[in-house]
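Colleague: Predicted coordinates and the sequence they were generated for:
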Amino acid sequence: MKKIDVCLTPELLHQYDLEHKIVVVVDILRATSCMVSGLANGVKEIVPVSTLEECKALQDVGYLAAAERDGSKAEGFDMGNSPFEYMSEKVKGQKVAVTTTNGTLAIHKSLAAKEILIGAFLNLKALTDYLINKEEDIVVLCAGWKGKFNLEDTLFAGALCNQLKSKFEFACDAPLAAEAMYITAKKDMMRYMNDSSHAKRLAKLSVVKDIEFCIQESIYEVIPYLSGKSLLPLKS
């Protein structure tokens, strides 16, 4: 039977063979939520890069540049890491270069995979519908926080595992644990999230509305996928 697995942090990714597999990269607060929101709201393409220097180079040739470090917008760039910035009129039809503390690094660490998709609570149903009949094994890669485990990405991994378990076997205990956490949390996700380290970090930056938005389930149908160096909307 095909399998689904969860990598709880990119620091553990060396233990996973990604060849011939689908990787779903998730950084709920907030990179992958921004990517889903952007493509759903008319962004032409998103180019994830690892460094501020790469992002600045693309800004210099006409890309809108979104850069975040430690939860805050990096100086000298057009945008930070709030999904609401990806809903403004200025982004429609534009190419966006983006670098974040965790999410864009997780994408670049997944390049050995057969297919790289971007996951968020915002596109959970669309992602489930696409994946449920795929024949490849799946690895959900949680971006975490600077190499460490985090709560919100694992909750999403648990939600996706819960949705797919009728067709996919859990590869180890990580999907089982993630699903159990999600089942516990889903009755009041915001209350459960309030104690998480990154939610506290963002609350200090006065972006609680971003957290509330990012934990909404299935409000968009777009699935970003990596094509070359760009994230584009997956065509069904």
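Modeller: Done, it's in.

Colleague: From now on I want contacts and neighbour counts done on CA atoms only, so please keep to that.
Modeller: Will do.

Colleague: leaving aside the residues next to it on the chain, what's closest to Arg30?
Modeller: With CA to CA, 6 or more residues apart in numbering as the criterion, Arg30 has its nearest non-adjacent residue at 6.3 Å, and that residue is Asn81.

Colleague: Show me where the chain has its strands.
Modeller: 3-7, 22-26, 45-48, 64-69, 72-73, 95-99, 115-119, 138-142, 169-170, 224-227, 230-233 (DSSP state E).

Colleague: As TSV, those strands with distance to Asp153, mean neighbour count and mean pLDDT would be great.
Modeller: Shown next, in TSV, are the strands of the chain (distance: least, CA to CA, whole Å; neighbours: other CA atoms under 10 Å; pLDDT from 0 to 100):
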stretch	distance to Asp153	mean neighbour count	mean pLDDT
strand 3-7	10	24	98
strand 22-26	6	27	98
strand 45-48	18	24	98
strand 64-69	18	22	95
strand 72-73	19	16	90
strand 95-99	18	26	98
strand 115-119	10	25	98
strand 138-142	5	28	98
strand 169-170	17	18	98
strand 224-227	17	20	98
strand 230-233	20	22	98
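
Colleague: Compile the ones you listed into a markdown table and extend it with columns for distance to Lys148.
Modeller: Below are the strands of the chain laid out as a markdown table (distance: least, CA to CA, whole Å):
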| stretch | distance to Lys148 |
| --- | --- |
| strand 3-7 | 11 |
| strand 22-26 | 14 |
| strand 45-48 | 21 |
| strand 64-69 | 16 |
| strand 72-73 | 19 |
| strand 95-99 | 19 |
| strand 115-119 | 19 |
| strand 138-142 | 10 |
| strand 169-170 | 22 |
| strand 224-227 | 24 |
| strand 230-233 | 25 |
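
Colleague: isn't the residue nearest to Arg30 right up against Asp70?
Modeller: No: counting by CA atoms under 8 Å, Asn81 does not reach Asp70; the two are 10.4 Å apart.

Colleague: Those two - which one has more neighbours?
Modeller: Using other CA atoms under 10 Å as the criterion, Asn81 and Asp70 rank with Asn81 on top: 27 against 14.

Colleague: quick one: contacts for that one?
Modeller: By CA atoms under 8 Å, 6 or more residues apart in numbering, the residues touching Asn81 are Arg30, Ala31, Cys34, Ala66, Ala67, Glu68, Gly71, Ser72, Lys73, Thr100.

Colleague: Need the pLDDT of it.
Modeller: pLDDT for Asn81: 93.

Colleague: Ok, which of the strands of the chain comes nearest Ser218?
Modeller: Nearest of the strands of the chain to Ser218, taken as CA to CA: strand 115-119 at 10.7 Å.

Colleague: List the contacts of the closest one.
Modeller: 21-27, 32-33, 35-36, 107, 110, 127, 223-226.

Colleague: mind running it again at 7 Å?
Modeller: With contact meaning CA atoms under 7 Å, 6 or more residues apart in numbering, strand 115-119 is reached by Lys21, Ile22, Val23, Val24, Val25, Val26, Thr32, Ile223, Pro224, Tyr225, Leu226.

Colleague: Give the buried residues for the least confident helix or strand in the chain by mean pLDDT.
Modeller: When the helices and strands of the chain are scored by mean pLDDT, DSSP states H and E, helix 197-204 comes last with a mean of 76. Within helix 197-204, the residues that qualify as buried by neighbour count (16 or more other CA atoms under 10 Å) are His198, Ala199, Leu202.
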